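1. okay, structure incoming, though there's no sequence with it:
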């Protein structure tokens, strides 16, 4: 009987010990999961929504005008439809109210047949520059099939750093489908990166001799203010044609 009691006590000690280890393991796993979730939440919190699909808050037309009827919100996207409001060649380039220096810009874009647009950074809003492209370099948005500019070389096609660096591959989706851009501009690391539909298609320096050489070999070589400003506004281009384009899910992460 005495030996039986000793054995029973030993078994109970082992059971309690094992239960304690399981609880500790569960607690550690939960802590790791929470830490992972917190990290994900922190990453999400770093993004600032520039267009939420409901209003043009944070945007205006260059230089300094309210957003006109040419830009409309449809199904959570900003759509450019200039057909009824284009007069004497006037332009409706959309620019952010705020200026940015180092950032990752994420957005979706879609073109209709024959469309031409672009995304610019480092835009200086000054009346002496009648268009954003006089100061801001452009990431091309284009119908590569039907727009004539696509025939001017791959540095003019969708995803290119316009007139400077061609995309390494053509991963553009068909007309009417949404494409995704993730554009990194980082002066601290001297990196420009364009990711189109999940594929990195362009890399380039944003300052220094490398950048200067690219500009010197482009159509912008003699433009006094082109690409000279690290800090500036982000622009969505009106190319001057009566063709519809669309942008949505626009957000930015400052670096």
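-> Right, received. Where do you want to start? Just so we're clear, the structure is a prediction, and the values are computed from it rather than from any experiment. Residues are numbered from 1 along each chain as shown.

2. in the chain, where is pLDDT below threshold?
-> 1-45, 83-89 (pLDDT under 70).

3. which parts of it are strands?
-> 47-51, 59-61, 71-74, 77-80, 94-96, 103-111, 116-123, 138-142, 179-186, 191-196, 199-204, 233-236, 245-254 (DSSP state E).

4. let me have those in JSON lines, extended by mean neighbour count.
-> Bear in mind the C-beta positions are built from the backbone N, C-alpha and C, glycine included. Shown next, in JSON lines, are the strands of the chain (neighbours: other C-beta atoms under 10 Å):
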{"stretch": "strand 47-51", "mean neighbour count": "17"}
{"stretch": "strand 59-61", "mean neighbour count": "19"}
{"stretch": "strand 71-74", "mean neighbour count": "16"}
{"stretch": "strand 77-80", "mean neighbour count": "20"}
{"stretch": "strand 94-96", "mean neighbour count": "23"}
{"stretch": "strand 103-111", "mean neighbour count": "20"}
{"stretch": "strand 116-123", "mean neighbour count": "25"}
{"stretch": "strand 138-142", "mean neighbour count": "25"}
{"stretch": "strand 179-186", "mean neighbour count": "19"}
{"stretch": "strand 191-196", "mean neighbour count": "21"}
{"stretch": "strand 199-204", "mean neighbour count": "17"}
{"stretch": "strand 233-236", "mean neighbour count": "25"}
{"stretch": "strand 245-254", "mean neighbour count": "20"}
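
5. which one of those lies nearest to residue 155?
-> Judged by C-beta to C-beta, the one of these that comes nearest to residue 155 is strand 138-142, at 8.2 Å.

6. the closest one packs against which elements?
-> Helices and strands touching strand 138-142, by 3 or more C-beta pairs under 8 Å, 6 or more residues apart in numbering; DSSP states H and E, are strand 103-111, strand 116-123.

7. paired strands for the longest one, with orientation please.
-> Looking back up the chat, that one is strand 103-111. Strand pairing for strand 103-111, using DSSP bridges, gives strand 179-186 (antiparallel), strand 245-254 (antiparallel).

8. who touches residue 160 in this structure?
-> By C-beta atoms under 8 Å, 6 or more residues apart in numbering, the residues touching residue 160 are 139-140, 154, 166-167, 202.

9. apart from its chain neighbours, what residue comes closest to it?
-> Excluding the flanking residues, the one nearest residue 160 by C-beta to C-beta, 6 or more residues apart in numbering is residue 140, at 4.6 Å.
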